[in-house]
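In: Dropping the sequence and predicted coords here.
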Amino acid sequence: MEQQTLAQRVVARMFENDPFSIWLGIERKVVDAGQCVLHMRVRSEMLNGFAIAHGGISYSLADSCLAFAANSHGIQAVSVETSISHTKPVKEGDMLTATAEEMSLSNRIGIYHITVSNQRNEVVALFKGTVYRTGKPWFPDEQPS
């Protein structure tokens, strides 16, 4: 199966079973092997007591981007370590874009950098994620014999 088609099928299956990403209002813009670009708009219920987005919002967007990029090769992967640096405040109405870059991929470990930016292309968060690749295919019935 073509890599882009496989990536899109995997992410579609993940997304339809991911009520939190759906609640966030995430839109999938780019899905390919090892790559993902997501968009979402910040809503009032996502703000904290400082009237800026709760840090968990940009973290969650980046975490979803990590999950989709890491699983896009067709092998189930789960995060084992993540971190984020918030570089600018995020406000209600901001349109956030998370872009995943695959930095390293082996049979068992993948490392990804996710950049979260706003509608002015200002970087608002930098996220790093390490995943464990289980070896279990997303579509085992379609594996070549």
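Out: Perfect, I can see it now.
In: So which bits of the biggest helix by length in the chain are buried?
Out: Across the chain, the longest stretch assigned as helix under DSSP state H is helix 55-71. Neighbour-count burial for helix 55-71 flags 57-71 (criterion: 16 or more other C-beta atoms under 10 Å). All C-beta spots, glycine's among them, are computed from the backbone N, C-alpha and C.
In: And stretch 4-11, by the same measure?
Out: For stretch 4-11, the neighbour count (16+ other C-beta under 10 Å) marks 6, 7, 8, 9, 10, 11 as buried.
In: One more: stretch 136-145?
Out: Those buried within stretch 136-145 under the rule 16+ other C-beta under 10 Å are residue 138.
In: where does that stretch sit relative to the chain's centre, distance-wise?
Out: Distance of stretch 136-145 from its chain centroid, counting by C-alpha atoms, centre = their mean, to the nearest Å, is 23 Å.
In: Show me the shaky parts of this protein.
Out: Applying pLDDT under 70 to the chain flags the ranges 1, 143-145.
In: ok, which stretches of it are strands?
Out: Ranges of strands in the chain, per DSSP state E, are 27-32, 35-41, 75-86, 95-105, 109-117, 123-137.
In: got JSON lines for the ones you listed, with distance to residue 2 too?
Out: Converted to JSON lines, these look like this (distance: least, C-beta to C-beta, whole Å):
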{"stretch": "strand 27-32", "distance to residue 2": "10"}
{"stretch": "strand 35-41", "distance to residue 2": "14"}
{"stretch": "strand 75-86", "distance to residue 2": "16"}
{"stretch": "strand 95-105", "distance to residue 2": "18"}
{"stretch": "strand 109-117", "distance to residue 2": "20"}
{"stretch": "strand 123-137", "distance to residue 2": "16"}
